[in-house]
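Undergrad: Build me a model from this:
(2 chains)
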Protein chains: 2
Amino acid sequence: MTHAATAVDTQCINTLRTLAMDAVQKANSGHPGTPMGLAPVGYTLWSRFLRYHPEHPDWPNRDRFVLSVGHASMLLYSLLHLAGVVEIDAQGRRSGQPAISLDDIKQFRQMGSKTPGHPEYRMTTGVETTTGPLGQGCANSVGMAKAGRWLGERFNRDGQVLFDYNVYTLCGDGDMMEGISSEAASLAGHLKLDNLCWLYDNNTISIEGHTELAFSEDVIARFQAYGWHTMHVTDANDLRALSDALATFQGNTGAPTLIVVDSVIGYGSPHKHNTAAAHGEPLGAEEIRLTKAAYGWPQDSSFLVPDQARTALRDALLARSRPLYEQWNQRLAQLEQDAPQLADELRRMRAGEMPEHWQADLPGFASDAKGVASRAAGGDVLNAFARQIPWLLGGSADLSPSTKTNLTFDGAGRFSADDYSGRNLHFGIREHAMGAIANGMALSYLRPYTSTFLVFSDYMKPPIRLAAIMELPVVFVFTHDSIGVGEDGPTHQPIEHLTQLRATPGLLTLRPGDANETRELWTVALAQTHRPSCLVLSRQPLPTLDRTRYAAATGAAKGAYVLAGADRPEVLLIATGSEVSLAVAAYEQLETEGIAAQVVSMPSWELFEEQDQAYRDSVLPPTVKARVVVEQAGPLGWDRYVGQTGAKVVMNSFGASAPLAKLQEKFGFTVANLVKQAKAQIQLPQHK
Amino acid sequence: MTHAATAVDTQCINTLRTLAMDAVQKANSGHPGTPMGLAPVGYTLWSRFLRYHPEHPDWPNRDRFVLSVGHASMLLYSLLHLAGVVEIDAQGRRSGQPAISLDDIKQFRQMGSKTPGHPEYRMTTGVETTTGPLGQGCANSVGMAKAGRWLGERFNRDGQVLFDYNVYTLCGDGDMMEGISSEAASLAGHLKLDNLCWLYDNNTISIEGHTELAFSEDVIARFQAYGWHTMHVTDANDLRALSDALATFQGNTGAPTLIVVDSVIGYGSPHKHNTAAAHGEPLGAEEIRLTKAAYGWPQDSSFLVPDQARTALRDALLARSRPLYEQWNQRLAQLEQDAPQLADELRRMRAGEMPEHWQADLPGFASDAKGVASRAAGGDVLNAFARQIPWLLGGSADLSPSTKTNLTFDGAGRFSADDYSGRNLHFGIREHAMGAIANGMALSYLRPYTSTFLVFSDYMKPPIRLAAIMELPVVFVFTHDSIGVGEDGPTHQPIEHLTQLRATPGLLTLRPGDANETRELWTVALAQTHRPSCLVLSRQPLPTLDRTRYAAATGAAKGAYVLAGADRPEVLLIATGSEVSLAVAAYEQLETEGIAAQVVSMPSWELFEEQDQAYRDSVLPPTVKARVVVEQAGPLGWDRYVGQTGAKVVMNSFGASAPLAKLQEKFGFTVANLVKQAKAQIQLPQHK
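TA: Residues are numbered from 1 along each chain as shown, chains lettered A, B, ... in the order given. This next block holds a predicted model:
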């Protein structure tokens, strides 16, 4: 410590360091070097600045601490331990246990422990977001900062501030290099999010060696170009300089702040400091002894937490945060009195509940052969929901005129640096950051949606996956969902994307077949409390089916249902999305030829698999082996529903640039082909 | 035109503009506004700077023109038309037709035309790379520039320069906002690629409206932070300023160059210029008339190419490039004389041929129960290949110590600004750009490979898809391929990723089961000429199977083969990658219990599907319905091989953070479970 560190400070910092070293050594796996280098940064922030009540880690106005360098998880676990954070689950229930006990630290990276290799949201109290894939935490933090500003606009009244939390993010070289962070930083600067502070661990060491192998940009100049305030602390052990920088951040207005902190990876390790060897493996027993000696720490200690360290950080947090917390509760009580409806809204947001009448005034769509694109129907439905659910908000990666996700009613507004109350979010052409920002907003009581073309789900797969891992009910809207895109050609025509989404655990993939199914499935998506959804919508108009003639669209919520059917079908026609009406047309053609078919609309595999066997058998009768699936997407996975002998009218290649009708003909998405395939199925010897 | 544009220049530029307007109008689909704004930029570059011989568009040292704003495809098609580029296929065969005729332009966006909605490599002569998904072209161009420098180091001798081409990239707001471009630009600056020039179309209009909705960074300052030279041309119609800037680029050394060009989208359109309405839809017949009037163009003309415009651009290109082309051929002849082996190498590279002895000295791996991780075996095999194939080069997104892809032999070197001859590429923590840079290198005669963890294939899916669309034989190495990752937990354990890769058309997914299969499948990957491969490798050691006891590993090249089998198996055990040895152990256990099983190692679905029916039936006998597949990945798609009644020992959820052995037990990847599943399969009534 060069300045301003007391003996207690030093003891706390070395406790954070040695716990990380010991835990990694015991697990024989993990990343000691970054916690060792960053311990003074984490400690300074938590002890002197963070507004965080360790007994109320779910306090809505707590400052957020995001460890974007998720591999340094032991730093977070040690901080939570020293802070004395109590365990509390998502429902606010208290176990009476600490969030992280010393025993938990000893169980680092073991099955079922609260101390997994990377911080996992929901698994450990105090983990604000799941991190590890680099750049995600940075973009999450932008979402949290946006949410903070939005919440402030909504709930702060008459000088009674309920939301003004800050968001602090620890980033590393990887975060700086990943494109998602560039996207997120550019947008944060644009939005002038002065409640956001990134602390960049400039340790100059990455896995392949010195960062000069691949990274020589001027990070500070780059962030200034984004419109950020920047500062440089040249020694991570200089607590005074760190404190000055953090204090400056708190006074900064009009822009987010980047603090570059020069640190030494593996600080204190005589042989491994400042080397890649300190990054991702245990230091080794002997090197740990030597490092502890360098700290003036008992060499033979293990998981040592000195008495002073056990109380200092917790006391500092309590002293600063308890009064703020109590004041906040008074303000909340005042809100309950003055504006009970607003207070109820906040209660629901915290509990993940919808408003009472959230399904009121949903549009119905009358039978219409010409029909409407499901993206357009989706926009109508979304607007109806958004009128009822004030905290439903979102936007697009510069495609809202195409994805039809703009909220158009009075008061929806545009979220901008001039108006943080807006509900239309302009993400710019930044799909990857968009997904992760939505995750950050969902972690902050809001119900966000995003939108772009389905093919560009590729650009945002990492945050979609993390939404699923974190069980966040984000709604990802994807339009232009097939070769129906037409002339834009193969680069814009999704083929494998439905499969990718369906393959992702914990994710709902919903592809409605007409306007009324779109309404039903938007409802399903918003009813989720612990699962993200992908709403997959068409560019082209889809006939609105006559529901007096065919089954009600409510069946869509079961994942699959019999839309039209003969009593004893000879053949099943299974379809999703834009192909449902094609299957209906084939069914009608077959009917005129005296062939009994059954049309199954199957907008969601996941929902269907959740139904009981009897229902599933009623939709897909096991005795009917003659089956045709039609979907303008790749074949993978459909064997499950049509069997090895069923017919798949699908895309077995990339698409092509041409008008839709030509593409449908070329690739066999015609009534004639469906009828032919159905007849061939019935004739198959195995199906007799 | 404010300066320096002759009447002919103006006529050419307006021809480019009106062809774009007319083609989009006729197709009733497309993007007129950007070609209208950028026509002077494209024209100035092509007429005054580009070293490009229209009769030899495959000249290896041609300057590369990358249209990263792929939606502005009509600009490229019109340039190719006016340049009189001749059609020539990938094998160098000439059709005698122009690359783009006026009729081709009239077929814009129609089925099978050479003028698809976005430029498609291989479909149209002169299209250097497939673009449309934003940012990809930018990163491709970095790959092309790296390749140019590498080729120069290898083939330029004694002042006889064979490679010194420049790469020019037209980018838009989307390119600037997408993270992939940030990654690529940062790396290009780091590598001081002074043969690279990006022209940024600063038209301030994106689809949702003015870019100020989401984009207010200082782009020039940002690129300066990356270490680029920057210039600003404040009027896209100022040919002198454009020329000055491009001339300055040609004189710049030590850094790539960004030229920001302020342009007007839909330039000349009285009602739509400078609006989002000019971006992605036809102007309309009346607006086209008005715009043509504004250009002084015959209002009622359609697809008009004035005589002067028909020859001017072509003549300019020929005058500049023909002497250079002839000089180049003389130098090539000299190389053939002085260094025939090097000349033969270049010939092979251009033809996509391997060296004669490319498979010499491949390692064999002796039977070994403890075994070796397939990532480690892969590293050995890669090094053996790389010794024989001088133009095989690649690297990692900062994970080469983990992916084992470093080339370790003398002379392999490190590609850096100080040494462009190196073959180890350090991409930094930039997976997305890495994939697209590899594509750019593959477009430049090289055989690139990349590497990272399988879970991070999510970060680079867009360029993987484009490699498949473009049929580029890039090898994407993905290690740490399952819950075998262990303690790093769910964020680092791929589940759905094998499915995603298998679902992508035109992509080979290869997951070898031991060291010898790894050698066979690396061989398959490198033997591809028109298909990218993903090599999926384990972190953990895999037993090296005793090939005297089990079938030879050469069967892996058929996608699946019988590794061990009873004469009349009662049950099939199908496995891939790290689960193959588990299946073998189960087989042996079953054998001791008198149960006849057959082990099928199935490293590649795609290769297996290419085999004839007889072979496939020999591997998966249709009469044997009792089947168990074991794979530490998601279930989707396996129904195809095990049927609806088969057993799938797979991952049905995300993983967990714990030591591998604990994970295998928890998720059922044990001999005991396989044996149990096999027995249950045999007992199933349907399987009797």
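
Undergrad: going forward, measure contacts between C-alpha atoms and count neighbours the same way
TA: Noted.

Undergrad: So what's the residue count around A:Ala5?
TA: Counted with other Cα atoms under 10 Å in any protein chain shown, the neighbours of A:Ala5 add up to 17.

Undergrad: Next up, the contacts around whatever residue of the stretch 451-600 of chain A ends up closest to chain B.
TA: The stretch 451-600 of chain A approaches chain B most closely through A:Asp488 (4.6 Å), counting by Cα to the nearest Cα. For A:Asp488, the contact set (Cα atoms under 8 Å, 6 or more residues apart in numbering or on different chains) comprises A:Ser657, A:Ala658, B:Gly30, B:Arg109, B:Pro116, B:Gly117, B:His118.

Undergrad: at 7 Å instead, please
TA: A:Ser657, B:Gly117, B:His118 (Cα atoms under 7 Å, 6 or more residues apart in numbering or on different chains).

Undergrad: that's a strand at A:Gln598, yeah?
TA: Yes. Checked against DSSP: H, G, I helix; E, B strand; the rest coil, A:Gln598 lies within a strand.

Undergrad: what about it, how many neighbours?
TA: A:Gln598 has 25 nearby residues by other Cα under 10 Å.

Undergrad: mind checking how far the residue of the stretch 451-600 of chain A closest to chain B is from B:Gly594?
TA: 59 Å (Cα to Cα, to the nearest Å).

Undergrad: who wins for most neighbours among the contacts of A:Asp488?
TA: B:Gly117 (31 neighbours).

Undergrad: Skipping adjacent residues, who's closest to the residue in chain A that chain B sits nearest to in space?
TA: Taking Cα to the nearest Cα as the measure, chain A has A:Gly179 as its residue closest to chain B, at 3.6 Å. Spatially, and ignoring its direct neighbours in sequence, A:Gly179 is nearest to B:Gly179 (3.6 Å; Cα to Cα, 6 or more residues apart in numbering or on different chains).

Undergrad: can you list the residues of the stretch 351-500 of chain A near chain B?
TA: A:398-401, A:426-430, A:458-459, A:461-462, A:487-489, A:491, A:496, A:499-500 (Cα under 7 Å from any Cα of the partner chain).

Undergrad: Give me the contacts around stretch A:672-683.
TA: A:Glu570, A:Val571, A:Ala586, A:Leu590, A:Ala626, A:Arg627, A:Val628, A:Gly646, A:Ala647.

Undergrad: Now for the residue nearest to the last one when sequence neighbours are not counted: which residues touch it?
TA: Nearest residue to A:Ala647, sequence neighbours excluded (Cα to Cα, 6+ apart): A:Val628, at 4.6 Å. Contacts of A:Val628 were listed using Cα under 7 Å, 6+ apart, and they are A:Leu572, A:Leu573, A:Ile574, A:Val642, A:Gly646, A:Ala647, A:Lys648, A:Gln677, A:Ala678.

Undergrad: Which of the residues you listed fall in helices?
TA: Of those, the ones assigned to helices by DSSP state H are A:Val642, A:Gln677, A:Ala678.

Undergrad: What is the nearest of the residues you listed to B:Tyr43?
TA: Nearest to B:Tyr43, judged by Cα to Cα, of the ones in helices among the contacts of A:Val628 is A:Gln677 at 52.0 Å.

Undergrad: To what extent is that closest one buried, counted in neighbours?
TA: Counted with other Cα under 10 Å, A:Gln677 comes out at 21.

Undergrad: now the one 3 residues further on
TA: Around A:Ala680 there are 17 other residues, counting by other Cα under 10 Å.

Undergrad: Over to A:Leu660?
TA: Residues near A:Leu660, counting by other Cα under 10 Å: 17.

Undergrad: Where do the domain boundaries of chain A fall?
TA: A:7-324, A:368-543, A:555-687 (automatic domain parsing).

Undergrad: Could you say which of those domains is packed most deeply?
TA: Across the domains of chain A, averaging neighbours per residue (mean count of other Cα atoms under 10 Å in any protein chain shown) puts domain A:368-543 on top, at a mean of 24.

Undergrad: tell me the mean pLDDT over that one?
TA: What domain A:368-543 shows for mean pLDDT is 98.

Undergrad: Endpoints of it, how far apart?
TA: Length of domain A:368-543, first residue to last, Cα to Cα: 6 Å.

Undergrad: Grab the nearest non-local neighbour of A:Ser182.
TA: Nearest residue to A:Ser182, sequence neighbours excluded (Cα to Cα, 6+ apart): B:Gly179, at 5.9 Å.

Undergrad: Now do the same for the residue nearest to A:Ile595 when sequence neighbours are not counted: its pLDDT.
TA: Residue nearest to A:Ile595 in three dimensions, not counting chain neighbours: A:Glu570, with 7.1 Å by Cα to Cα, 6+ apart. On the pLDDT scale, A:Glu570 is placed at 97.

Undergrad: residues contacting A:Glu570?
TA: A:Ala596, A:Ala597, A:Val624, A:Ala626, A:Ile682.

Undergrad: quick one on the thing from earlier: now, which of the contacts of A:Asp488 sits nearest A:Arg350?
TA: For those, the nearest to A:Arg350 is B:His118 (46.1 Å; Cα to Cα).

Undergrad: if we can go back for a sec, pull the most distant pair out of the contacts of stretch A:672-683.
TA: A:Leu590 and A:Gly646 (17.6 Å).

Undergrad: Any chance of JSON lines for the domains of chain A, columns distance to B:Asp164?
TA: Formatted as JSON lines, those follow (distance: least, Cα to Cα, whole Å):
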{"stretch": "domain A:7-324", "distance to B:Asp164": "23"}
{"stretch": "domain A:368-543", "distance to B:Asp164": "31"}
{"stretch": "domain A:555-687", "distance to B:Asp164": "35"}
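
Undergrad: Minimum distance to B:Trp228: which of those domains has it?
TA: Short answer: domain A:7-324, nearest of the domains of chain A by Cα to Cα, at 9.6 Å.

Undergrad: just how off-centre is the closest one within its chain?
TA: The chain centre lies 20 Å from the centre of domain A:7-324; the measure is Cα atoms, centre = their mean, to the nearest Å.

Undergrad: What's the end-to-end length of it?
TA: Terminal-residue distance, domain A:7-324 (Cα to Cα): 28 Å.

Undergrad: Return the subset of the contacts of stretch A:672-683 lying in strands.
TA: A:Val571, A:Arg627, A:Val628, A:Ala647 (DSSP state E).

Undergrad: Enumerate every residue touching the last one.
TA: Right, A:Ala647. Applying Cα under 7 Å, 6+ apart, the residues near A:Ala647 are A:Arg627, A:Val628, A:Val629, A:Gln677.

Undergrad: Return the residues in contact with A:Leu317.
TA: Applying Cα under 7 Å, 6+ apart, the residues contacting A:Leu317 are A:Ser47, A:Tyr52, A:His53.

Undergrad: likewise A:Asp63?
TA: Here A:Asp63 is in contact with A:Leu50, A:Arg51, A:Tyr52, A:Tyr165, A:Asn166, A:Val167 (Cα under 7 Å, 6+ apart).

Undergrad: And those, which two are furthest apart?
TA: A:Tyr52 and A:Val167 (11.5 Å).

Undergrad: Quick check: the gap between A:Gln308 and A:Ile100.
TA: 18 Å.
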